[in-house]
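Asks: for reference, the sequence and a predicted model appear below.
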Amino acid sequence: MDKREHILFSDTFDVKDVDKGGKKFDRVSRIDGRSQTYDMDLILDINTELYPVDVGDKFKLTLASSLSLGESKAFAKGDANWRAYVNGDERSLADNYDYVMFGRVYRYDDGAGAKVSAFLSFGGLLMCLEGDVRHLQNFVVGDTAYLLIKSI
């Protein structure tokens, strides 16, 4: 299986705002971003102790159904024990990123026209990705996903 089959969405984002409504938690910030290629809007809670973010920063965000780089069964879709694999000897998609979270799609809203929103939760850290349905058609409520971020 080719790793591209695991990729649900990937684009580069510009951080437009951090904690717009005020800071709620010591180590978590809510960022607002805009994608460069697909005109997607992003709201994402991020642990800034692990991955600090400022207005004007750019990062690559990838959402994937698996961390597998090939035929390996080790990174089965939805494997909640992904840390054991990431810390093991086998290479994974996570090796190419700075920040990784595992979560689940909990809501998918059809908007006006072709605009939709996908909502994911990563252990209580929330994400909303909004834009054209063509870029979010692979998201299904209940499915698991890995969020991967790399600074640019």
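Replies: Great, that's in hand. Numbers count the residues shown, from 1 in each chain.

Asks: so the residue nearest the centre of the chain bridges to which residues?
Replies: The centre of the chain sits closest to Leu147, judged by Cα atoms, centre = their mean, with a distance of 3.0 Å. Assessed by DSSP bridges, Leu147 has beta-bridge partners Leu63, Met101.

Asks: surely it touches Ala118?
Replies: No - at 11.6 Å, Leu147 does not count as touching Ala118 under the criterion of Cβ atoms under 8 Å. Yep, even glycine has a C-beta here, placed from its N, CA and C like the rest.

Asks: quick revisit: quick check: the residue nearest to the centre of the chain vs Ala112, distance?
Replies: 26 Å (Cβ to Cβ, to the nearest Å).

Asks: now Ala145
Replies: 25 Å.

Asks: which of those two has more neighbours?
Replies: Comparing Ala145 with Ala112 by other Cβ atoms under 10 Å, the one with more neighbours is Ala145, at 27 against 6.

Asks: pLDDT score assigned to the more buried one?
Replies: For Ala145, the pLDDT comes out at 96.

Asks: could you do Arg107 as well?
Replies: For Arg107, pLDDT reads 97.

Asks: residues contacting it?
Replies: When contacts are counted by Cβ atoms under 8 Å, 6 or more residues apart in numbering, Arg107 touches 117-119, 141.

Asks: next secondary structure after the helix or strand encompassing it?
Replies: Arg107 is part of strand 99-110 when elements are defined by DSSP states H and E. Per DSSP H and E, strand 99-110 leads on to strand 115-122 as the next helix or strand towards the C-terminus.

Asks: report the angle between the axes of that next one and strand 99-110?
Replies: For strand 115-122 against strand 99-110, the angle by axes from the mean of the first three to the mean of the last three Cα atoms, to 10 degrees is 140 degrees.
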